[in-house]
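>>> Any chance you could fold what I've pasted below:
(one chain, ligands or ions: 2)
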Amino acid sequence: APATAAALVEGLNPQQLAAVEHTGSPLLIVAGAGSGKTAVLTRRIAYALRTGRAHPGQILAITFTNKAAKEMVERITELVGPAARGMWISTFHSACVRILRREAKALGMKSNFTIYDSQDSLRLITQCVREAGLDSKKFTPRSLQHRISNLKNDLLTADDYASRAQENNPSEQALAEIYRRYSERLRLANAFDFDDLIMETVHLLDAFPDIAANYRARFAHILVDEYQDTNPAQYRLIRELAGADLPAPTAELTVVGDADQSIYAFRGATVRNIVEFEEDFPQARVILLEQNYRSTQNILSAANAVISHNDDRKDKRLWTDAGPGEPVTGWVAESEQAEARFITERIDTLMDSDSLTYGDFAVFYRTNAQSRAIEDALMRAGMPYKVVGGTRFYERKEIKDALAYLRVIANPDDDVNLRRILNVPKRSIGDRTEALVGALAERERMSFAAALDRAEEAPGLSSRSLGPITRFRELLADLRTTAEGAPVSRILESVLEQTGYLAELHRSTDPQDESRVDNLAELVAVAEDYGRTNPEGTLDEFLEQVSLSSDADQIPDQDVGEVTLMTLHTAKGLEFPVVFLTGLEDGTFPHQRSFNTSAELAEERRLAYVGLTRARQKLFLSRAETRSMWGQPTYNPPSRFLSELGDSLVDWESTGSLNTSGADRAFSGAWSPGSRSGGAGSPANGSGASGSRGGRRGGARAGTSPGGFPNRIRPNREVPQVEPGDKVSHDSFGLGTVVEVAGAGDKTVATVDFGSEGTKRLLMRYAPVEKI
Ligand code: ATP
Ligand code: MG
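Ligands and ions are numbered 1, 2, ... in the order given. You can find the predicted model right below:
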């Protein structure tokens with residue numbers, strides 16, 4: 001039953017209560033980690049709904065990830081019932097896409113526009129560099145991409161920049177030229193890149209007062225979580241939507257954030273927005289929250305100790321009444337492998353003694369590459385885990401190819417994706433043909449697709465080249481016909497078959513191509529899943545969901561029972577009972593790149609603060625004395641964050657085996673005589689801890705690629721009949737157990753638990769599995 005208004009504010013502390021009840025002026029809630037900022041935002045929405053101050057359609061709430069948005073909707077629905085559904089709770093990007101789809105016409109775009117991810121945009125910029133005849137060694141597409149992105153985050157269009165680029169500065173001139181070409185090509189392709197989503201929405205609201213008025217009339221309540229990580233474009237968007245520049249603002253604005261957790265400066269975020277909120281929004285009320293409800297005092301003291309080394313910050317002291325809790329445990333391992341073994345051993349011990357599940361553990365690292373050693377150890381120990389991020393499924397070649405077909409079906413003008421599939425699979429449309437058609441497009445200032453339709457007019461194109469082009473055009477026309485009104489999974493299957501893409505993979509003898517088939521099968525399963533949960537869902541909507549999905553959306557729910565591995569950046573906003581913060585070495589974390597400026601180092605320190613404050617009950621800090629970098633074992637001194645933490649807050653149970661005192665950086669911290677060491681076993685060095693346990697789960701789940709199963713390509717084979725409980729063997733994932741079966745015949749999708757390889761959904765028709 002929905003909670004009463006009184007129940008909605010139960011248990012809040014006085015500051016939280018004030019934040020929930022406040023009305024009228026803009027509201028800034030600033031507070032350290034775990035003080036209930038997100039919780040208060042959620043309560044505030046529920047309370048406004050429950051007391052009739054707002055109806056769901058008037059709410060716009062911005063979260064940092066899609067997953068956080070989903071959780072907030074669920075929580076509010078729990079509190080006030082399903083009436084909550086009319087709310088807009090989403091990321092900046094999703095909210096903007098929603099607005100742009102409706103209003104595309106005003107911007108001269110079509111509402112079926114494509115969203116280019118960073119890879120797509122890089123391709124397009126590379127084409128522009130080539131066409132402009134620039135030296136791509138001197139002006140690398142990647143750096144141009146980065147600079148264009150920064151300009152967009154500052155709301156500077158190509159025209160704006162062209163007028164301020166200095167004439168005698170070749171680098172600025174090159175940037176201006178490429179930005180201009182790139183913008184024009186995006187427009188012709190009916191595509192937006194990620195940064196456009198925000199910038200173009202701001203321009204839209206700026207340029208069309210009646211459109212802006214509509215949204216302002218609608219959103220009477222605008223709430224933003226993680227405000228410290230907004231960039232100038234997002235800031236302007238909020239101002240526009242809230243009518244902040246009108247004589248009377250149209251929306252009640254609530255933002256929450258923590259300047260100490262600002263970790264996205266490299267994407268243009270600026271703490272300025274939170275620091276200057278009171279100047280930006282006159283009459284703003286500011287509420288500070290200081291009680292932390294997440295962590296024990298020991299964990300908080302550690303976090304406070306590190307962050308207090310940053311200058312230019314408002315000191316705020318978080319406190320908790322949770323008591324001191326367990327000490328923070330430190331561990332020095334001899335290598336990254338030993339560090340990984342330390343993690344699995346502690347998980348094992350804690351699982352035995354406390355009633356924890358695998359889902360209660362998180363392992364953080366600075367960069368994705370560090371996950372490898374930890375994964376190996378978890379796999380060997382037979383512990384289920386999930387790596388968030390890394391090489392993303394949607395970035396694999398075959399997945400991008402298949403999606404490119406879908407995108408071209410949905411948006412015929414999509415330049416980058418059309419060129420991507422022009423000769424994939426091979427159909428004798430060579431680079432020269434592409435260049436000639438491209439030249440025609442440029443000359444006539446039309447999209448590549450339009451030029452392809454008029455390929456006959458391309459100067460220099462031989463009549464022999466026209467045959468394949470004609471067939472390709474027919475293929476696309478056929479696919480578009482098939483696509484009309486069909487479910488996404490059907491469209492995808494037609495693509496894979498009619499284009500010959502799958503057949504080509506099946507013919508290949510390259511073992512990699514087999515896992516490509518697997519991945520495509522998984523994509524079909526994703527599409528089927530989408531069709532099941534969104535019976536009305538369109539191809540456009542499916543593609544949008546794929547485009548906007550981010551690393552953080554893969555974070556498993558904690559009750560799934562998997563250890564979560566992720567980078568510190570991805571950990572923002574989350575909490576876990578037990579946290580391992582790894583790789584605390586100077587050069588690893590803080591990252592070597594940050595040594596140049598104190599601003600970058602300060603950002604690393606905030607990242608450390610984010611990491612430390614994710615832990616609820618138990619925090620482990622570890623470092624490896626040697627770590628291989630580029631294949632070479634490299635010695636790294638302890639992280640300066642450890643010395644900032646000091647001796648008294650960490651219980652070092654291992655102090656390392658190398659004589660570090662002679663190292664380039666003296667460190668008088670953790671293992672100096674007299675520091676508390678000891679603890680169970682207290683091995684003298686990192687390696688002493690390893691191998692001491694047999695890994696009792698080791699055998700059960702091991703065997704990712706059991707020998708004896710040759711790689712086979714099986715076109716047109718019988719679909720294996722399986723049911724829950726059956727054992728199967730998969731050519732790349734090894735042995736697994738069928739958990740669930742859906743569909744029948746050609747459409748059978750089996751959910752299979754491959755142990756440490758994870759649980760996979762396989763389209764049985766394509767998946768290289770055998771029942772055993
Ligand atoms: P972060 O800065 O990491 O985003 P936050 O300030 O958003 O943290 P929340 O995630 O909202 O903090 O809250 C931290 C934890 O404290 C959550 O588990 C939340 O349920 C709990 N919490 C918040 N307020 C209270 C309260 N008044 N009583 C009990 N628990 C609370
Ligand atoms: Mg939060």
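>>> Which residues of the protein lie near ligand 1?
11-13, 16, 31, 33-39, 258, 261, 293-294, 573, 575, 613 (CB under 6 Å from any ligand atom). (Glycine included, C-beta is placed from N, CA and C.)
>>> Tell me which entries of those lie within strands.
residue 31 (DSSP state E).
>>> Tell me which stretches of the stretch 351-500 of the chain form helices.
For the stretch 351-500 of the chain, the helices defined by DSSP state H, counting those that start in this stretch occupy 371-381, 397-410, 415-421, 431-444, 448-453, 463-483, 488-498.
>>> Highest mean neighbour count out of those helices?
Compared across those, helix 415-421 shows the largest average neighbour count, a mean of 24 (mean count of other CB atoms under 10 Å).
>>> re the thing from before, distance to ligand 2 added to the helices of the stretch 351-500 of the chain, as TSV?
Below are the helices of the stretch 351-500 of the chain laid out as TSV (distance: least, CB to the ion, whole Å):
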stretch	distance to ligand 2
helix 371-381	24
helix 397-410	32
helix 415-421	36
helix 431-444	47
helix 448-453	44
helix 463-483	41
helix 488-498	34
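>>> Now mean pLDDT and distance to residue 218 too, for those, in a markdown table please.
Compiled in a markdown table, the helices of the stretch 351-500 of the chain are given as follows (pLDDT from 0 to 100; distance: least, CB to CB, whole Å):
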| stretch | mean pLDDT | distance to residue 218 |
| --- | --- | --- |
| helix 371-381 | 91 | 43 |
| helix 397-410 | 96 | 28 |
| helix 415-421 | 96 | 33 |
| helix 431-444 | 93 | 40 |
| helix 448-453 | 95 | 36 |
| helix 463-483 | 95 | 33 |
| helix 488-498 | 95 | 30 |
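>>> if we look at the longest helix along the chain, which residues are touching it?
Secondary structure of the chain per DSSP state H: the longest helix is helix 511-533. Helix 511-533 has contacts (CB atoms under 8 Å, 6 or more residues apart in numbering) with 393, 396-399, 402-403, 487-489, 492-493, 496, 502, 505-506, 537, 542, 545, 711-713, 730-732, 743, 747, 749, 760-763, 765-768.
>>> Please work out the angle formed by the directions of that helix and helix 397-410.
Counting by axes from the mean of the first three to the mean of the last three CA atoms, to 10 degrees, helix 511-533 points 50 degrees away from the direction of helix 397-410.
>>> Restricting to C-alpha, output helix 511-533 in CSV.
Extracted C-alpha coordinates of helix 511-533, given in CSV (Å, rounded to 0.1, in the frame of the first residue of the first chain):
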residue,chain,number,x,y,z
PRO,A,511,38.1,-19.6,-34.9
GLN,A,512,37.4,-16.0,-34.0
ASP,A,513,34.6,-16.0,-36.4
GLU,A,514,32.9,-18.6,-34.5
SER,A,515,32.7,-16.5,-31.4
ARG,A,516,31.3,-13.8,-33.7
VAL,A,517,28.5,-16.1,-34.5
ASP,A,518,27.9,-16.6,-30.8
ASN,A,519,27.9,-12.9,-30.2
LEU,A,520,25.4,-12.4,-33.0
ALA,A,521,23.2,-15.1,-31.5
GLU,A,522,23.4,-13.2,-28.2
LEU,A,523,22.3,-10.0,-30.0
VAL,A,524,19.3,-11.8,-31.5
ALA,A,525,18.5,-12.9,-27.9
VAL,A,526,18.8,-9.3,-26.7
ALA,A,527,16.4,-8.3,-29.5
GLU,A,528,14.0,-11.0,-28.5
ASP,A,529,14.2,-10.0,-24.9
TYR,A,530,13.5,-6.4,-26.0
GLY,A,531,10.4,-7.6,-27.9
ARG,A,532,9.1,-9.5,-24.9
THR,A,533,9.5,-6.5,-22.5
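>>> now that helix, how far from the chain's geometric center?
Relative to the centre of its chain, helix 511-533 is centred 20 Å away, using CA atoms, centre = their mean, to the nearest Å.
>>> Equivalent analysis for stretch 392-405, please.
Per CA atoms, centre = their mean, the centroid offset for stretch 392-405 relative to its chain is 17 Å.
>>> How about the contacts made by residue 158?
176, 179, 180, 182, 183.
>>> If we use 10 Å, what do you get?
148, 151-152, 175-184 (CB atoms under 10 Å, 6 or more residues apart in numbering).
>>> Next, give me the two most distant ones among the residues you listed.
Distance extremes for the contacts of residue 158: the farthest pair is 152 and 177 at 16.4 Å, using CB to CB.
>>> who has more neighbours, these two?
Taking other CB atoms under 10 Å, residue 152 and residue 177 do not tie; residue 152 has more neighbours (25 against 20).
>>> quick one: average pLDDT of the helix or strand where that one lies?
Element membership of residue 152, judged by DSSP states H and E, is helix 141-153. Helix 141-153 comes out with an average pLDDT of 96.
>>> Would you mind listing the buried residues in that helix?
Residues of helix 141-153 classed as buried: 141, 144, 145, 147, 148, 149, 151, 152, 153 (neighbour count, 16 or more other CB atoms under 10 Å).
>>> tell me the contacts of the residue nearest to the spatial centre of the chain?
Nearest residue to the geometric centre of the chain (CA atoms, centre = their mean): residue 551, 2.6 Å. Residues near residue 551 by CB under 10 Å, 6+ apart: 65, 67, 368, 387, 388, 389, 390, 392, 566, 567, 569, 570.
>>> try it again with 7 Å
388, 389, 570 (CB atoms under 7 Å, 6 or more residues apart in numbering).
>>> residues near the first one, how many?
What it means is residue 388. Other residues close to residue 388 by other CB under 10 Å number 22.
>>> What's the local residue count around residue 756?
Going by other CB under 10 Å, the residues that sit close to residue 756 add up to 22.
>>> So it, which state does it fall into?
Secondary structure, DSSP: H, G, I helix; E, B strand; the rest coil: residue 756 is helix.
>>> My read is that it contacts residue 379, right?
Yes - contact criterion CB atoms under 7 Å: residue 756 and residue 379 qualify, at 4.2 Å.
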